[in-house]
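# sequence and computational prediction follow.
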Amino acid sequence: SQQGEEDPQALSIQEGENATMNCSYKTSINNLQWYRQNSGRGLVHLILIRSNEREKHSGRLRVTLDTSKKSSSLLITASRAADTASYFCATAPARSNYKLTFGKGTLLTVNP
Amino acid sequence: DTAVSQTPKYLVTQMGNDKSIKCEQNLGHDTMYWYKQDSKKFLKIMFSYNNKELIINETVPNRFSPKSPDKAHLNLHINSLELGDSAVYFCASSHLGLAGVLTQYFGPGTRLLVL
């Protein structure tokens, strides 16, 4: 069954603006990860946040995790045209060490 | 050096044919995966091997058979291809830590088109 659900499905912004994408999930998790997929390419890992963490930063990326609401957000600050891609959240369930379940993704378009 | 590689990159074939996709990783990971991404970009896990042992086998038609000759390779064989098999197939690898599934590294994908 679908675990992560990203919101919005599509987001279009101007270069320099911030982009926020949200992810909701249903069951207890061990960790939550965000990936980026450029058109026609494989997925690239961006950041991993563990269930006992609330916020994590990596360069222009900021991820938050609220386990009580079963939700996460990915903020990209000062966006660039090169950030145009699909962004996926993926959850690692607490009771399984093996499987990541991906959401349907948010398509981000950054206009120059 | 490519971390996770797949061949072929494109595969166009007729319905009913049998085809294989190969995957190799040089990251020293102990776990490899096959995913299917449909036209709406939904990424679904199909199989996973940990140290050559099948650990994930999702609801996939038995026309799909994975094979892992060693930890660095995971191949996918598809029998009697159908139109609905058209998709992009991604291989991925990772370590399995005590904290659960860690970062996965993806190959570039194999675009399969069944005519």
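That came through, no problem.

# partners of the lowest-mean-pLDDT helix or strand in chain A in the sheet?
Least confident helix or strand of chain A, by mean pLDDT, DSSP states H and E, is strand A:5-7 with a mean of 80. Paired with strand A:5-7 in the same sheet, following DSSP bridges, are strand A:19-24 (antiparallel).

# list the helices and strands the next helix or strand after the partner strand packs on?
Once the chain leaves strand A:19-24, the next helix or strand it forms, by DSSP states H and E, is strand A:29-37. For strand A:29-37, the elements it packs on are strand A:43-50, strand A:61-66, strand A:71-76, strand A:85-93, strand B:100-101, judged by 3 or more CB pairs under 8 Å, 6 or more residues apart in numbering or on different chains; DSSP states H and E. For glycine as for every other residue, the C-beta is placed from the backbone atoms N, C-alpha and C.

# that older thread, not counting the least confident helix or strand of chain A itself, show me its contacts.
Contacts with strand A:5-7, where a contact means CB atoms under 8 Å, 6 or more residues apart in numbering or on different chains, come from A:21, A:22, A:23, A:24, A:25, A:87, A:88, A:89, A:103, A:104, A:105, A:106.

# cutoff 7 Å now
Strand A:5-7 is contacted by residues A:21, A:22, A:23, A:24, A:88, A:89, A:103, A:104, A:105, A:106 when judged by CB atoms under 7 Å, 6 or more residues apart in numbering or on different chains.

# in stretch A:69-86, which residues are buried?
A:70, A:71, A:72, A:73, A:74, A:76, A:79, A:83, A:84, A:85, A:86 (16 or more other CB atoms under 10 Å in any protein chain shown).

# try stretch A:16-27
Residues of stretch A:16-27 classed as buried by neighbour count (16+ other CB under 10 Å): A:19, A:20, A:21, A:22, A:23, A:24, A:25.

# next one: stretch A:99-109
Buried residues in stretch A:99-109, counted by 16+ other CB under 10 Å: A:99, A:100, A:101, A:102, A:103, A:104, A:105, A:106, A:107, A:108.

# centre of the chain to that stretch, how far?
Centre-to-centre, stretch A:99-109 and its host chain are 7 Å apart (CA atoms, centre = their mean, to the nearest Å).

# can you confirm residue A:79 is in a strand?
No. Under DSSP: H, G, I helix; E, B strand; the rest coil, residue A:79 sits outside any strand and is assigned coil.

# next, the contact list for it, please.
Going by CB under 7 Å, 6+ apart, residue A:79 touches A:13, A:15, A:16, A:17, A:18, A:19, A:110.

# how far away is the closest residue to the fifth one other than its chain neighbours from residue A:35?
Distance criterion CB to CB, 6 or more residues apart in numbering or on different chains; nearest residue to residue A:18, sequence neighbours excluded, is residue A:77 at 5.1 Å. Distance check for residue A:77 against residue A:35: by CB to CB, to the nearest Å, it reads 19 Å.
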